[in-house]
Every structure is written in C-alpha cells, then in structure tokens.
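Asker: Generate a structure from the sequence data that follows.
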Amino acid sequence: MVFYFKARPEVGDFTIFMGLDKFENEELIKYGFPEDIWFHVDKMSSAHVYVRLHKGQTIDDISEGLLEDCVQLVKANSIQGNKVNNIDVVYTPWSNLKKTASMDVGQVGFYSSKMVRTVRVEKRINEIVNRLNRTKVERKPDLKAEREAVNSAERDERKRFLREKKRREELERLEKEKQAELRSYKGLMVHENMTSNKQIASANKSLQELEEDFM
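Answerer: Numbering: from 1, shown residues only. As a prediction, the model looks like this:
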C-alpha cells in the first residue's frame, strides 16, 4: 500500500507519497524515479516520504512551500519525531539512495553525503498536516511495472531522437553535396573560362587549310 498526498496548489501540481511499511519502502527504494526526492527524519525512525518533481527538475527546484509540506508530513509520520520539537529532516535525490545486501528491509544509505541536505523543523504545524491528510489516497501500485513502463518510453524516445538526428545529418550531407555541385558548376560557367564558337573557329584551321599546308 502506498499513500499519496497532494501538495498545496500554489506550489504547482506535485504528488507526495510514502509506503505503508518497511516492505513498501523497500519497493519504493528499488523502483524510484529520477525525479523523486526522498525525505526522512534524521537519526529517528520515520516514514520514507517522497515528492516526485517534474521531468527536468532537480532538488534545487523545490520551493519553500513544497519543502514545508514534505518535512511536515515526514515529521507527522515519525512516532518519536512527532512528539518533540526542533528535529532535523534529511532529504536527497532518489538516485543517491544506496542499498546493499547487508542492510535490513527498508534500510538505506547514501552514495554521497554531499548530496544530502538537512532542514530544521521547529514544530508540527497541524494546519499543514491536516490539509495534506484530506488529500490522502491509498493505492496498491505495481511499482515495478510503472518503472518498466517509464524505462520503455524513455528507450522509445531515445530511438526516435537518434532516428531524427540521423535524418537531419543525412539531409545536411545532401545539402552540402548539392551546394558543392552548384559551386563547381558556377565555376565552369564563369565568363573568363568560357570559349565562344567564334573563338573556337578562329583558333582552329579549316580542313582546306590543313590540306594546303600538307601540300
């Protein structure tokens, strides 16, 4: 089971989501998207909360309002973190999540600590948490199938891009050949390089003249 929430409308159309338990967290870690940003209460147990950015966006594009929605939701879904003030929430791109065979189910590390950011959450803001909970939807998605569908679409798009690139290159090659041929033809037609019929006639002896010379 995955829970989906809608961020405040003024920040744009963004979906925030989290798994029901560690097993769902494991699936989310495995089949995440490049646009996913992962949130967790630092040094405490909490839900794994994600926000899916728009294609082409990065962690630097997260607005203040969207960030606040995410950190409030992750704080509210931490048994210990929900009870105390001034906690830290860490967040990082999904691609920075590191999973090894020795880790427990749902446990995760990082490839690079430099890509992990921290934000201080002073207290729970019920207005935000309640608003998010009113948008809550439960679904049982096939995360693997969703990821594979995106991979397939990206491969098809890549193939289309390469075909179009090859077509443009072929058109450019033909155009260059055409222009080179035109330049060559124009060179042959330059006035200085042309010989008139009169010039040809004056430069060549007639058959009678050749016969007289021979005699």
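Asker: which residue sits closest to residue 28 in space, ignoring its chain neighbours?
Answerer: The spatial neighbour of residue 28 that comes closest, neighbours along the chain excluded (C-beta to C-beta, 6 or more residues apart in numbering), is residue 19 at 5.3 Å. Where you see a C-beta, it was placed from the backbone N, CA and C, and this is true even at glycine.
Asker: what sits against that neighbour?
Answerer: For residue 19, the residues meeting the contact criterion (C-beta atoms under 8 Å, 6 or more residues apart in numbering) are 1-3, 25, 27-28, 47-48.
Asker: Pull out the buried residues from these.
Answerer: Buried subset of the contacts of residue 19 (neighbour count, 16 or more other C-beta atoms under 10 Å): 2-3, 25, 27-28, 47-48.
Asker: Residue 39 in helix, strand or coil?
Answerer: Secondary structure, DSSP: H, G, I helix; E, B strand; the rest coil: residue 39 is strand.
Asker: So, low pLDDT: which residues of the protein?
Answerer: Low-confidence segments of the chain, defined by pLDDT under 70, span residues 151, 153-157, 187-215.
Asker: can you give me the helices for it?
Answerer: Counting by DSSP state H, the chain forms helices over residues 22-30, 64-76, 126-134, 143-188, 197-203, 207-214, given from the N-terminal end onward.
Asker: For the ones you listed, state which one has the densest average packing.
Answerer: Each of the helices of the chain was given a mean neighbour count from mean count of other C-beta atoms under 10 Å, and the largest, a mean of 21, is that of helix 64-76.
Asker: With only the CA atoms kept, save that one in PDB.
Answerer: Coordinates of each C-alpha in helix 64-76 appear next as PDB, following Å, rounded to 0.1, in the frame of the first residue of the first chain:
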ATOM      1  CA  GLU A  64       9.900  26.700   0.200                       C
ATOM      2  CA  GLY A  65       6.200  25.800   0.300                       C
ATOM      3  CA  LEU A  66       6.700  22.300  -1.200                       C
ATOM      4  CA  LEU A  67       9.600  21.700   1.100                       C
ATOM      5  CA  GLU A  68       7.500  22.600   4.100                       C
ATOM      6  CA  ASP A  69       4.700  20.200   3.100                       C
ATOM      7  CA  CYS A  70       7.200  17.400   2.800                       C
ATOM      8  CA  VAL A  71       9.000  17.900   6.100                       C
ATOM      9  CA  GLN A  72       5.800  18.300   8.000                       C
ATOM     10  CA  LEU A  73       4.400  15.100   6.600                       C
ATOM     11  CA  VAL A  74       7.600  13.100   7.400                       C
ATOM     12  CA  LYS A  75       7.600  14.600  11.000                       C
ATOM     13  CA  ALA A  76       4.000  13.700  11.500                       C
END
